[in-house]
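Trainee: can't give you the sequence, but here's the structure:
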């Protein structure tokens, strides 16, 4: 899909700089959060549980799109299932995808788009890159492209 959007308001982050800025963005959300992360680990989810709870308490809708745990190796399957169970208990809507789901991105309040190679809900030791685009038009373009409206 070809677009004419400007990426002039974008910044690059790696695995050492991503989480600090991403959590600041998350904490400012007022309406909704969409996160696509094929993998979910217990350790990484512990870095988000408080902020997710605060968002939910403020009425922010949180959606996680992830790979079906049955498509993981056994150790990852258990962690993913535990994290998904917790998410559903607190009110996070989780959509399971099958067929080698591998997208890594987040759309925050349809104003900020994060996209790149970093598994937001599982990354630990790998070298990664993420681009932060603060542009409502670009965020909405991705929102529409991924047909997120069907989740609402």
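Mentor: Structure's in. What do you need? It should be emphasised that the depicted structure is a prediction, and the values quoted were computed from it without experimental measurement. Residues are numbered from 1 along each chain as shown.
Trainee: Residue 64 pairs with what?
Mentor: Applying DSSP bridges to residue 64 gives these bridge partners: residue 35, residue 94.
Trainee: Please list all residues in contact with residue 81.
Mentor: residue 69 (C-beta atoms under 8 Å, 6 or more residues apart in numbering). C-betas here are computed from N, CA, C, even on glycine.
Trainee: where does the chain dip in pLDDT?
Mentor: 1-8 (pLDDT under 70).
Trainee: quick one: the helices in it?
Mentor: 18-27, 42-46, 49-57, 74-90, 136-145 (DSSP state H).
Trainee: Which of the ones you listed sits closest to residue 114?
Mentor: Evaluated over the helices of the chain, closeness to residue 114 peaks at helix 18-27, with 6.4 Å, by C-beta to C-beta.
Trainee: Kindly provide the distance from residue 73 to residue 67.
Mentor: Relative to residue 67, residue 73 is positioned 12 Å away (criterion: C-beta to C-beta, to the nearest Å).
Trainee: Please identify which of the two sits among more neighbours.
Mentor: When neighbours are counted by other C-beta atoms under 10 Å, residue 67 comes out ahead of the other of residue 73 and residue 67, with 23 against 7.
Trainee: show me the contacts for the residue nearest the centre of the chain.
Mentor: Of all residues in the chain, the one closest to the mean position by C-alpha atoms, centre = their mean is residue 35, 2.0 Å from it. Residue 35 makes contact with 62-65, 105-106, 120-121 under the criterion C-beta under 8 Å, 6+ apart.
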